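How does the following fold in three dimensions:
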Amino acid sequence: MAKIHDILAAGPSYSFEFSPPRTAEAEAQFWSTLDELVPLHPSYFSVTSGAGGSTRDTTRDIVIRLNRERGVTTMAHLTCAAHTRAALEELVVQYRDSGVVENILALGGDPPQGYDGPPGELTHASELVELIRGVGDFSIGVAAHPEPHPRSASVAADREHTAAKLELADFAITQFFFEAHHYFELVESLAALGCTKPVIPGIMPATSIASIERMAQLQGSEFPGWLAEILRAADERGAEAVLAAGVDAATRLCEELIAGGVPGLHFFAFNRTTALAARDIHRRLDLPTT
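Purely as a prediction, here's the structure:
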């Protein structure tokens, strides 16, 4: 296993992010899809945690299993919304005591839909970073929002908040975006605040028009007209054409990012379709596989 900050210090990283399965059928597909990506020898995998920690135990079990049984570096996502401090500490202790989990992505997160309980004892991801630091020697990442976070009062406020998180953490992974200038403007504004920690761009290939528009709206990202036009034209030829157009657009974005010297690429592979699309982008970019 390896710490992600050490991986980044050695050169660009290439990673894949999964959502934990919620059914037996989904679990079988999860492991099958993951096994198709392992031969690419990614720098690491990461596994998300559902809203309010709704998949907390599944996330924990998968991350430990991947690290221990598959021998691949895997990062656990951890959210503080709707959690007590004691529950968060307990989970981090479990990761520490597993002896194989060395990387955690600390997130504020959202409560589950319809949740009417207490909001949680920690309010911000920065508080969660401090809690994790107090439990064990982990490499800790946080989220960054290129466009920016939809709840931010302003772009400047978002950048200041992100810089403050990164002062405590080791690296950041961004939400997805469709135009490279959003990422480079984020990095430049952080540098102007004295923050030079690695910020890894998150890449989401568009696999269907409806899903990508919905996800972009939820996270407050611009869905550019040129991409909508390309995908709608492809839609007239069917779902496979839309997928191919989405892969083409994401590949071009990655090429522009690589040319600009990014510290890595983080592919969102939430389901089998996006995972295999990410694999195709990885291969088209001829990224390292060792």
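
Count the residues that sit near residue 194.
8 (other CB atoms under 10 Å). Backbone N, C-alpha and C define where each C-beta goes, glycine included.

residue contacts, the residue lying closest to it once chain neighbours are set aside?
If the residues on either side of it in the chain are set aside, residue 194 comes closest to residue 163, at 7.3 Å by CB to CB, 6 or more residues apart in numbering. Residues in contact with residue 163 (CB atoms under 8 Å, 6 or more residues apart in numbering) are 190, 193-195.

Please convert these to TSV, extending it with secondary structure and distance to residue 172.
Listed next are the contacts of residue 163 as TSV, based on DSSP: H, G, I helix; E, B strand; the rest coil; distance: CB to CB, whole Å:
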residue	secondary structure	distance to residue 172
190	helix	9
193	coil	13
194	coil	15
195	coil	9
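
Go ahead and build a PyMOL selection from the buried members of these.
Per 16 or more other CB atoms under 10 Å, the buried members of the contacts of residue 163 correspond to this PyMOL selection:
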select buried, resi 190+195
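
Out of the contacts of residue 163, the closest to residue 219 would be?
Closest approach between those and residue 219, by CB to CB: residue 190, at 18.9 Å.

on that earlier part again, so for the residue nearest to residue 194, what's the pLDDT?
Looking at residue 163, its pLDDT stands at 96.

now do the one 10 residues further on
pLDDT, residue 173: 98.

what's the answer for residue 112, then?
67.

Please apply the same query to the one 4 residues further on.
pLDDT recorded at residue 116 is 64.

in the helix or strand in which the residue nearest to residue 194 is found, what counts as buried?
Following DSSP states H and E, one finds residue 163 within helix 155-168. For helix 155-168, a neighbour-count test (16+ other CB under 10 Å) marks 158-166, 168 as buried.

Nearest spatial neighbour of residue 84, chain-adjacent residues omitted?
Nearest residue to residue 84, sequence neighbours excluded (CB to CB, 6+ apart): residue 121, at 5.3 Å.

Tell me how far that neighbour lies from residue 82.
10 Å (CB to CB, to the nearest Å).

Between these two, which contacts overlap?
By CB under 8 Å, 6+ apart, no residue touches both residue 121 and residue 82.

the more surrounded of the two?
Neighbours were counted for residue 121 and for residue 82 using other CB under 10 Å; residue 82 has more, 20 against 15.

Could I get the pLDDT score of that one?
80.

hang on, isn't it packed against residue 122?
No - contact criterion CB atoms under 8 Å: residue 82 and residue 122 do not qualify, at 10.3 Å.

count of residues packed around the closest residue to residue 170 other than its chain neighbours?
Spatial nearest neighbour of residue 170, chain neighbours left out: residue 5 (4.0 Å); criterion: CB to CB, 6+ apart. Around residue 5 there are 18 other residues, counting by other CB under 10 Å.

I'd guessed residue 5 sits against residue 172; true?
No - with contact taken as CB under 8 Å, residue 5 and residue 172 are classed as non-touching, separated by 11.5 Å.

what sits in contact with each of the two?
Common neighbours of residue 5 and residue 172 (CB under 8 Å, 6+ apart) are residue 198.
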